[in-house]
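Peer 1: Okay, sequence plus prediction incoming.
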Amino acid sequence: CGAWLALAGIHAKQIQLFNAIFRDGYRRIFIDKGRKAGATETALYILNRIAGLQPLRASYIIGPTQKEQSEICWQNRRIHQMCPSEWQPEFYSDHRVRFPNESFIKVAGANDPDSSRGWEGDAFIWDEAKDHNPDALDACYPNVLSRNALWIVMGTPARTKDNHFYKLKQAVADDPEWFKIH
């Protein structure tokens, strides 16, 4: 199995992450990563697996801004290519992928913190979190707690110690509820 995964281009850190989520049941994940580490594909795989295989799931991949995340995931059709055609996904102009099982994946931005108050979902992936408006994460988190949603915060390291991404990294360093990966 490991040889097949290596041939498929999946590396050991991705396997650790998938196991943490789908086998071990972690609901809080912190990913400190480098550039071009395959994080966006990894995030889209996770969201596809949740939305495509489980009915009535609401999933979000959130970038610092809607425009930026749309460029990363939607405009280049990256999310379109990740959705298995057998699952019959439909792609909507509001950057939402809907599945026949009534689940969806939404590409969103954190540039309007008030809008994140209304996101009620089962999975949230905050991409390049160090560049996010921290108020958006704070506004959304109560909804995450109410549904025990999957909460993944990922990004490249912050340049300063006063950045909210760095502070979160320090806060969860010894917390057994969080799965951490570098």
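Peer 2: Happy to help now that I have it. None of these values were measured; they are calculated from a predicted model.
Peer 1: So for this structure, the centremost residue is which one?
Peer 2: Most central in the chain under C-alpha atoms, centre = their mean is residue 125, positioned 2.2 Å from the mean C-alpha point.
Peer 1: what's that residue in contact with, if anything?
Peer 2: Contacts here follow C-beta atoms under 8 Å, 6 or more residues apart in numbering; on that basis residue 125 touches 43, 46-47, 59-62, 152, 154. Every residue, glycine included, has its C-beta placed from N, CA and C.
Peer 1: Which one of these is nearest to residue 107?
Peer 2: residue 61 (5.7 Å; C-beta to C-beta).
Peer 1: Is the closest one located within a strand, as I assumed?
Peer 2: Yes: when DSSP: H, G, I helix; E, B strand; the rest coil is applied, residue 61 is found to be in a strand.
Peer 1: what number of residues lie near it?
Peer 2: Applying other C-beta atoms under 10 Å, we find 25 other residues in the vicinity of residue 61.
Peer 1: Pairing partners for the closest residue to it other than its chain neighbours in the sheet, please.
Peer 2: In space, and not counting its chain neighbours, residue 61 is closest to residue 125: 4.8 Å by C-beta to C-beta, 6 or more residues apart in numbering. Residue 125 forms beta bridges with residue 61, residue 152, as assigned by DSSP bridges.
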